[in-house]
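S.K.: when you get a sec, could you give me coordinates for this:
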Amino acid sequence: MTARRTFLKTSMIGATAFALGESVAAKSASPGARVVSTWDFGVPANQAAWAVLGAGGRALDAVEAGARVPEADLKNHSVGRAGYPDRDGHVSLDASIMDGDGSCGAVAALEHIAHPISVARQVMEKTPHVLLVGNGALQFALEQGFTREELLTPESEQAWHEWLKSAQYKPVINSEKSTYDANAEPPGGKDNHDTIGMLALDAHGKLAGACTTSGMAWKLYGRVGDSPMIGAGLYVDNEVGAATSTGVGEEVIRNAGSFLVVELMRHGRTPQQACREAVMRIVKRNPKKAKEIQVGFLAIDRHGEVGAYALQKGFSYAVCDAKKQDALLPAASVY
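M.R.: Numbers count the residues shown, from 1 in each chain. Have a look, this model is predicted:
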């Protein structure tokens, strides 16, 4: 009996020590905070997100704060209030936000509201829905206290009138001017542009992502791209990692791009390998079209490793962590 009690006591001590050891190991292995985002205007966006992450804040709060920076930038014509309008002169905005636990919210074809990313978060937190669109999204935003305003700026209106002279519609690879000037020309040149997709890993090991855009300039009224589509423009899973996309949204939607990247990471690919494989799937399905458009993916896994890959050269992405807040890197590409 004494021997049995000694055995049980020893076993319990061993089990407790093992559990404590696992806890300490898990804590020591917890990755540091990091935020990544698409394009060169992701640099100032990352810095706003880092103000949250660096203070020990949540990844979800960080990506919302970061995404609001380009949304408010009057020089940015592909995101937010200064976005170029559709062919009928309407500025409509799309956005999505997702937490690593699967909670998500989005708005599409939203007019008259300058910060769609914050409306998307309200959809996530205050409704049973994931996506609100058009007038319904606007009604919801106003009910939540957002201010109605005119989004078509004089500069964007002038550009629209110039476009009407020819009224030719064809997405141009890396076409619009971006907002961040780092004294030196960023990788891919100063004409990088598009949706901002942002992914963050906080000090607690939790992930979140945000994606916001004014969509393609001169699009058909009512057109919605991949940015507000959970699984296309954005997908986040605390168990694996997160991904976001940029470029021609229709091709991303057709391939459920960001979900695909995360699932590939789930099956053992690194973020870089997963982004490349997702891009190559687009190439395989339509090799001719793939040479004429831009699509890029950006991913981060739960350990903080980052990867990016695009169809065309010129796609850049920004990385921010405790060591460096303004890193801007060129993504590898097929062509």
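S.K.: how much space separates the nearest residue to Asp101 once chain neighbours are set aside from Val91?
M.R.: Spatial nearest neighbour of Asp101, chain neighbours left out: Asn238 (6.2 Å); criterion: CB to CB, 6 or more residues apart in numbering. Placement of C-beta: from N, CA and C, glycine included. Distance of Asn238 to Val91, given as CB to CB, to the nearest Å: 35 Å.
S.K.: neighbour-wise, which of those two wins?
M.R.: Under the neighbour definition other CB atoms under 10 Å, Asn238 and Val91 were set side by side, and Val91 has more, 24 against 17.
S.K.: how about the helices in the stretch 101-250 of the chain?
M.R.: 116-126, 134-143, 154-164, 249-254 (DSSP state H, counting those that start in this stretch).
S.K.: looking at those helices, which is closest to Cys320?
M.R.: Nearest of the helices of the stretch 101-250 of the chain to Cys320, taken as CB to CB: helix 116-126 at 17.8 Å.
S.K.: ok, the residue nearest to Asp101 touching Arg302?
M.R.: Yes: when contacts are counted by CB atoms under 8 Å, Asn238 is listed as touching Arg302 (6.7 Å).
S.K.: shared neighbours of the two, anything?
M.R.: Residues within reach of Asn238 and of Arg302 at once, by CB atoms under 8 Å, 6 or more residues apart in numbering, are Gly205, Leu207.
S.K.: ok so, going back, out of the helices of the stretch 101-250 of the chain, deepest packed?
M.R.: Ranked by mean neighbour count under mean count of other CB atoms under 10 Å, the helices of the stretch 101-250 of the chain are led by helix 116-126, which reaches a mean of 24.
S.K.: roughly how far out does it sit from the chain middle?
M.R.: 15 Å (CA atoms, centre = their mean, to the nearest Å).
S.K.: stretch 41-54 too?
M.R.: Centroid separation for stretch 41-54 versus its chain: 13 Å, with CA atoms, centre = their mean.
S.K.: can you pull the buried residues of it?
M.R.: By neighbour count on 16 or more other CB atoms under 10 Å, the buried set for stretch 41-54 is 41-50, 52-54.
S.K.: one more: stretch 279-296?
M.R.: So for stretch 279-296, counting by 16+ other CB under 10 Å, buried means Val279, Ile282, Val283, Ala290, Ile293, Gln294, Val295, Gly296.
S.K.: of all the helices of the stretch 101-250 of the chain, which lies closest to Val262?
M.R.: Among those, helix 249-254 comes nearest to Val262, with 13.4 Å by CB to CB.
S.K.: list the contacts of that closest one.
M.R.: 195, 215-216, 224-227, 229, 232-233, 245, 257-258, 282, 285-286, 289, 293, 295.
S.K.: now that helix: mean pLDDT?
M.R.: Averaging pLDDT along helix 249-254 gives 96.
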